[in-house]
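A.B. asks: I'll drop the sequence and a predicted model, then ask my questions.
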Amino acid sequence: MTKASTHTPIDVREHILEVGQRIMAGKGFSAVGLNEILSTANVPKGSFYHYFGSKDAFGEALLDTYFTGYHAEMDALLTRTDVPAATSLMQYFESWQANQSFLDCQGKCLAVKLAAEVVDLSEAMRLAMRQGTAGIITRTASALERGAADGSLTFDGSASEMADVLYQQWLGASLMVKITRTTTPFETAMAVTRRLLNLV
């Protein structure tokens, strides 16, 4: 009996997505074939095509699922009321640094891994990436607004502009960490973030 046959339909779909996320976060989208995903997930090809019409459709679903979980984690952290907003926001960037490992991120660095690759492969995946990253920036902007309101941080310009700057900085740092195989870019990003928010 295969693993797929012991799961409910929803479980099978989620299992395929979970396995695909873990593999693609390490190897990228193009380098991973369906056979590798299905073999690792221990499900037949027919099950894959029952849930996903193509590899591109799978990639879109993968990104949607990834960002749904990512946004939920951000919401849980950044909407805390027991600490100043600045504390929650810096904890978010600390978790970013911890999760975006250049070695094995266990699927948590999917957006960084696929950002430059999939936007040129599929319009649907580009839009999923755009919507997902926009959600990150919007949540960061809201945290900045709360921090300005509670006096725990200050910044120049609007919250949305600063959120854009911070996301682009941390995304770039994540790529440089992979290139240099050191955490120095994260250390620089953290120091600059603290200066931009007047937390030094």
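C.D. replies: Arrived safely.

A.B. asks: Burial check on the closest residue to Gly132 other than its chain neighbours, number of neighbours?
C.D. replies: Nearest non-adjacent residue to Gly132, counting by C-beta to C-beta, 6 or more residues apart in numbering: Phe67, 3.2 Å away. In this view, the C-beta of every residue, glycine as well, is placed from N, C-alpha and C. For Phe67, the count of nearby residues is 21 (other C-beta atoms under 10 Å).

A.B. asks: Next one: Phe67 from Met74, what distance?
C.D. replies: Distance of Phe67 to Met74, computed by C-beta to C-beta, to the nearest Å: 10 Å.

A.B. asks: same thing with Arg146?
C.D. replies: With C-beta to C-beta as the criterion, Arg146 and Met74 are 13 Å apart.

A.B. asks: can you check Val177 too?
C.D. replies: 20 Å.

A.B. asks: what's the answer for Val112, then?
C.D. replies: From Val112 to Met74 the distance is 15 Å (C-beta to C-beta).

A.B. asks: Might one say that Ala115 is in contact with Gln168?
C.D. replies: No - the pair Ala115 / Gln168 is not scored as a contact, 11.2 Å apart, by C-beta atoms under 8 Å.

A.B. asks: what about these two, which has more around it?
C.D. replies: Each of Ala115 and Gln168 has its neighbours counted (other C-beta under 10 Å); Ala115 has more, 15 against 12.

A.B. asks: excluding its backbone neighbours, what's nearest that one?
C.D. replies: Ala115's closest residue in space is Met129 (C-beta to C-beta, 6+ apart), at 6.5 Å.

A.B. asks: so that neighbour, which of the three states?
C.D. replies: helix (DSSP: H, G, I helix; E, B strand; the rest coil).
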